[in-house]
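> quick check, what structure comes out for this input:
(3 chains)
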Amino acid sequence: MMDGETIKEPPQEWGPTAWSHLSAVRDRSLLIQCITNFVSMDLVANTLLSVGASPAMLHSTEEIPDFTPHVHALYVNVGTLSSDWLPAMMAAARLATKLGKPWVLDPVAAGASRFRLNACLELLQLKPTVIRGNASEILALSQASLAPTTGVDSSHESMDAVEAAKCLAQASGGVVAVSGAVDIITQGNRLVGVHNGVPMLQKITATGCAVTALIAAFVAVDPLHAFEATVSAFSVFGIAGEMGMEQAKGPASLRMHLIDSLYGLDQVALLSRINITTALPGHDT
Amino acid sequence: MMDGETIKEPPQEWGPTAWSHLSAVRDRSLLIQCITNFVSMDLVANTLLSVGASPAMLHSTEEIPDFTPHVHALYVNVGTLSSDWLPAMMAAARLATKLGKPWVLDPVAAGASRFRLNACLELLQLKPTVIRGNASEILALSQASLAPTTGVDSSHESMDAVEAAKCLAQASGGVVAVSGAVDIITQGNRLVGVHNGVPMLQKITATGCAVTALIAAFVAVDPLHAFEATVSAFSVFGIAGEMGMEQAKGPASLRMHLIDSLYGLDQVALLSRINITTALPGHDT
Amino acid sequence: MMDGETIKEPPQEWGPTAWSHLSAVRDRSLLIQCITNFVSMDLVANTLLSVGASPAMLHSTEEIPDFTPHVHALYVNVGTLSSDWLPAMMAAARLATKLGKPWVLDPVAAGASRFRLNACLELLQLKPTVIRGNASEILALSQASLAPTTGVDSSHESMDAVEAAKCLAQASGGVVAVSGAVDIITQGNRLVGVHNGVPMLQKITATGCAVTALIAAFVAVDPLHAFEATVSAFSVFGIAGEMGMEQAKGPASLRMHLIDSLYGLDQVALLSRINITTALPGHDT
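Numbering: from 1, shown residues only, chains lettered A, B, ... in the order given. Reported below is the predicted structural model:
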């Protein structure tokens, strides 16, 4: 870390914490409202169902006052943003914040256009509990600058966005997570890296969206520890990816085995595979 | 049954009837218009294709006068309802009814909001041939009451909605089907339960939407016997689920094997597995 | 051919050409903007990712001026057309043409309604680099006539549309491709048939959309040879389908193995399987 403020995390705690979070998600009938992009809806819904949560893709402004008060968490993803969907995203996020419900923002391709960047910045004002993006997205958000050449995929490594993530976390007051070979999660003066997962997950559309949805479910069971819940969600998703990869022959079979593994993940596998560091390469902690 | 009016169904007929329906669906090049939710489009289309029907996801009001007269059945699903899609749902349903074409309604999360409930009640006025929902949805529709806590998943067993389904069937004049561990199908004074299927189907998004699409195809080949066609569709889908489950390791592989099984389902498997009762537990028939 | 103008293609060149195109697609980080239908988004994105390209489903008119100038190719698909999406399709296609970027049109169900046919004809005016449809779609476009009975599936064989495809290619100045048991690709006085692929691909939704997206990626790496790039894309997709079919038990497992095979396709398999003819049955060349 650039400064000496980052707290050293006790790594041995992460496994039991993640198992505890996953068990709580499975035990409760969580209702997660998802206002997400068209590409991701199928995988997001199946990811949530695989851990026992109930996804609800309701995106009409007319429905938010009746429905959003009953959900356990809200997930907003701007992947296929258009001007007619933005008001519902704003209304749902505003209501979630007002009611003290956790909500999670996925600023897909934040730097792709001025319209999209502004929408993300407006959503940021509504205090998301967690913001999860790739390095290019977090850099665009943090710098409020366009980067239309990257599309929805990142042209940066997550490590490149560590400082941007910390700034964004401090500015927004939320948890900020940067997906990558190492997933970075930071809040205030805390920062950890999750080393679970496999590169081929990036060859499946919407896996980033899916892990963000999983974060929403995990934060819903432990809203006072959104940082820990986010770390748990990344670990669980990454471990399911590793287990899926052992049976996969390519991205499409990985997608199938990922969800099956998420559904079947047990405590032994989770505890033996979880791989979290508090010291990141090239960063003193 | 609460009253003595329910007709006892001859159970031995259901197997050959279901096979006859499935064969007819496979033999004809059915064109099924689907105005369905974003989450379900992929699975709905693949379900229809797996039985040889041709799905057409056309949802523009501009296209309905030209296109809907040529379809064999219409499927309307309000899962991701918004005010800009409702007029097309209404227009297509109105035209289908006017032209004597079967149409099927899937009132997803009917009780999630006042807006959605009203939309479903308006669609009901247009005389759907079949209404297929889970218990919470059928209860919400029958009572015209909100139940926003359930989202798209049911907080009730299908058995809890038997009386509501009968009332709704009588009031609407259509067939009403309640998905669940036992699928209930009722019309007028008829009522059967389909016991095929596996619990894990509920862990795959859009399986309810998919079976409703299948009902549309089955009713299209036997519009004068919508009750029997609906029972056949449930049986066939449930049996494909059971056969898929024998090879599945979780919900994502079940989804794949379900569609493969639907595609390959033969007469022997159908006849040996079909499981339909006319006496429901706790209900005298 | 009806006339003697069609140039005889040297068939032995197609294998190395296709491998060269596929390798180039894999080597470059292509950004492909996709304004496509809801049903196809998942498969289109996963198809592009499987060959190393980056799909970007951005469809807002507000975003096009910022984003489209940075993409390598544009893909427009009218499958779930509505009046609020058409302006973005037009704007993106107009900008792509203006900037000299390749763009590919998939006129799904072109003859399903007057609204849709007119939209396709308007898009045609914007000079797509490649137009890919099934026989019914190409016939409808070429004749500017309605054929609402066919929906999104074809009621004609690709051979029935050879002359229509040639007329459309000459009128539009672009490459025209007709999917079918034999895929026909034509431009000016050139015409070849790709015999790779398996019939079951038609039982998977959006495989036509997926191959069109693949064409966009292939044309992006060789924009001056759009004809050859289109032939390569069809061959590669068809070969992946054949390899997938060897492991498939039905359409859903074929879909998985198709994408896995596309991801893993190597030079030996491509060169040994590619099957292209320049003389079509019933047509003198």
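> contacts only, for the residue in chain A positioned nearest to chain B.
The minimum distance from chain A to chain B, using Cβ to the nearest Cβ, falls at residue A:260 (2.9 Å). Just so you know, the C-beta spots here come from the backbone N, C-alpha and C atoms, and that holds for glycine as well. Neighbouring residues of residue A:260 by Cβ atoms under 8 Å, 6 or more residues apart in numbering or on different chains: A:50, A:244, B:248, B:249, B:250, B:251, B:252, B:253.
> filter those down to the buried ones, ChimeraX style.
Written as a ChimeraX command, the selection of buried residues from the contacts of residue A:260, which uses 16 or more other Cβ atoms under 10 Å in any protein chain shown, is:
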select /A:50,244 /B:248,250,251,252,253
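> all helices for chain A, in order.
Counting by DSSP state H, chain A has helices at residues A:14-27, A:41-50, A:64-67, A:86-98, A:114-124, A:135-143, A:162-172, A:207-221, A:226-245, A:251-264, A:267-273.
> the fifth one: which residues count as buried?
Just to be clear, that refers to helix A:114-124. For helix A:114-124, the buried set under the neighbour-count rule, 16+ other Cβ under 10 Å, comprises A:115, A:116, A:117, A:119, A:120, A:123, A:124.
> with distance to residue B:267 and mean pLDDT as new columns, can the helices of chain A be given to me in CSV?
Listed next are these as CSV, based on distance: least, Cβ to Cβ, whole Å; pLDDT from 0 to 100:
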stretch, distance to residue B:267, mean pLDDT
helix A:14-27, 40, 98
helix A:41-50, 32, 98
helix A:64-67, 45, 97
helix A:86-98, 48, 98
helix A:114-124, 54, 97
helix A:135-143, 53, 95
helix A:162-172, 60, 95
helix A:207-221, 39, 98
helix A:226-245, 36, 98
helix A:251-264, 29, 98
helix A:267-273, 42, 97
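> out of those helices, which one sits most buried?
helix A:207-221 (a mean of 29; mean count of other Cβ atoms under 10 Å in any protein chain shown).
> burial check on residue A:52, number of neighbours?
Look at residue A:52: counted by other Cβ atoms under 10 Å in any protein chain shown, it has 18 neighbours.
> nope, residue A:83 is what I meant
12.
> wait, it touches residue C:60, no?
Yes - counting by Cβ atoms under 8 Å, residue C:60 is a contact partner of residue A:83 at 6.7 Å.
> spell out which residues of chain A are next to chain C.
Listed as neighbours of chain C in chain A under the rule Cβ under 8 Å from any Cβ of the partner chain: A:37-39, A:42-43, A:79-84, A:109, A:112-116, A:146, A:148-153, A:155, A:202-206, A:248-253, A:255-256.
> coming back round to it: closest to chain C among the buried residues of helix A:114-124?
Checking these against chain C with Cβ to the nearest Cβ, the nearest one is residue A:115 at 3.9 Å.
> my guess is that closest one meets residue C:61, correct?
No - taking contact to mean Cβ under 8 Å, the distance of 9.2 Å between residue A:115 and residue C:61 leaves them out of contact.
> contacts only, for residue A:37.
With contacts defined as Cβ under 8 Å, 6+ apart, the neighbours of residue A:37 are A:77, A:78, A:79, A:80, A:81, A:108, A:206, A:209, C:57.
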